[in-house]
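> could you look at this predicted model? Sequence included:
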Amino acid sequence: MRELDIGTHISLKYDYIYFQVSKSASSTVKYYLQELEVRGTRRRVEDVNNRNLSPHIWPSQLKEEHFLELLASPDMRKVTFVRNPFSRLLSCYLHRIKESPGSPSVKNIKRFTRNRFDETLSFGDFVEIVCDQPSAEQDSHWRVQSDEVLYDLIPHWSFIGRVERIEEDLPKLMAILDPDVAAPTSELEDYSPSVTKASSKLADFYTPEFERKVVERYRADFENFGYAVSIELAG
């Protein structure tokens, strides 16, 4: 419930709920959504990765019945951004494991393996571990995206963008949320805390066996979001 609270961003001003998917350009998406939310006020976007500074409402700020009504209402638009599972998983490994030895993601690995692995683990070991984890025990940065956004429980999805075409999809989303506000027309600024360029490194890390394991564990994401089950076609 804590993770649901942090990753669910409610706008009563523009009637939408953004379901955050970590390692799917969430920092960039949050920046532009927060900028829209505070536009016309004296507030400004402070730190998109500090939930306490966000202008969006938390689910816990609402009565439970009100939040459930918003989830069921076709008038409250449900939006998210997803990413190819192959590149998302590699990006998570490079950023959250190798670059950030003290991160909660490494602690998740240590806890799940009872301290058998830490930030020194190989990509192959990482794939084995995360694919063995039930979604409830997965770190939000590598949790199955379909589970992270409650894909099967949401009756009305208004917009599901892709990281791979964010330059096109984010302006489309902004136009949907408020047609009267000009969407960003110049090149989008990247607000990600780490740029790993994972999509260009897939062949350097994936073996056919790793590829098969990821396809099997993340099958819901490949099917629900239309991604090809091959690193050769990823992108």
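Received it, and whenever you're ready, just let me know what you need. The shown structure was predicted, so the numbers you read here are calculated from the model rather than taken from an experiment. Numbering: from 1, shown residues only.
> C-alpha from now on. contacts and neighbour counts both.
Fine.
> in contact with residue 51, which residues?
If you count contacts by C-alpha atoms under 8 Å, 6 or more residues apart in numbering, residue 51 has them with residue 6.
> may I have stretch 81-88 as PDB, with CA atoms only?
Only the C-alpha atoms of stretch 81-88 are listed here, as PDB (Å, rounded to 0.1, in the frame of the first residue of the first chain):
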ATOM      1  CA  PHE A  81       4.000   5.200 -19.500                       C
ATOM      2  CA  VAL A  82       5.600   1.800 -20.000                       C
ATOM      3  CA  ARG A  83       8.800   0.500 -21.400                       C
ATOM      4  CA  ASN A  84      10.200  -2.500 -23.200                       C
ATOM      5  CA  PRO A  85      10.800  -5.100 -20.500                       C
ATOM      6  CA  PHE A  86      14.200  -6.000 -21.800                       C
ATOM      7  CA  SER A  87      15.600  -2.500 -21.700                       C
ATOM      8  CA  ARG A  88      13.800  -1.600 -18.500                       C
END
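> domain assignment for the protein?
Listed by automatic domain parsing, the domain ranges of the chain are 2-83+148-177, 85-144+195-233.
> most residues in a single strand of the protein, which one?
Using DSSP state E to assign secondary structure, the strand with the most residues in the chain is strand 77-82.
> residue ranges of the helices in this protein, please?
2-7, 26-38, 64-72, 85-92, 104-112, 123-132, 145-148, 166-177, 202-205, 208-217, 219-225 (DSSP state H).
> what comes up buried for the last one?
Pointing back at helix 219-225 there. 219-222, 225 (16 or more other C-alpha atoms under 10 Å).
> show me what contacts the residue of the chain most remote from its centre?
Going by C-alpha atoms, centre = their mean, the residue of the chain most distant from its centre is residue 42, 28.7 Å out. Residues counted as contacts of residue 42 (C-alpha under 8 Å, 6+ apart): none.
> give me whichever of the helices of the chain is most buried.
Of the helices of the chain, the one with the most neighbours on average (mean count of other C-alpha atoms under 10 Å) is helix 85-92, at a mean of 23.
> output the contacting helices and strands for it.
helix 202-205, helix 208-217 (3 or more C-alpha pairs under 8 Å, 6 or more residues apart in numbering; DSSP states H and E).
> what about the ones you listed, which gets the closest to residue 75?
The closest of the helices and strands packed on helix 85-92 to residue 75 is helix 208-217. By C-alpha to C-alpha, the value is 33.4 Å.
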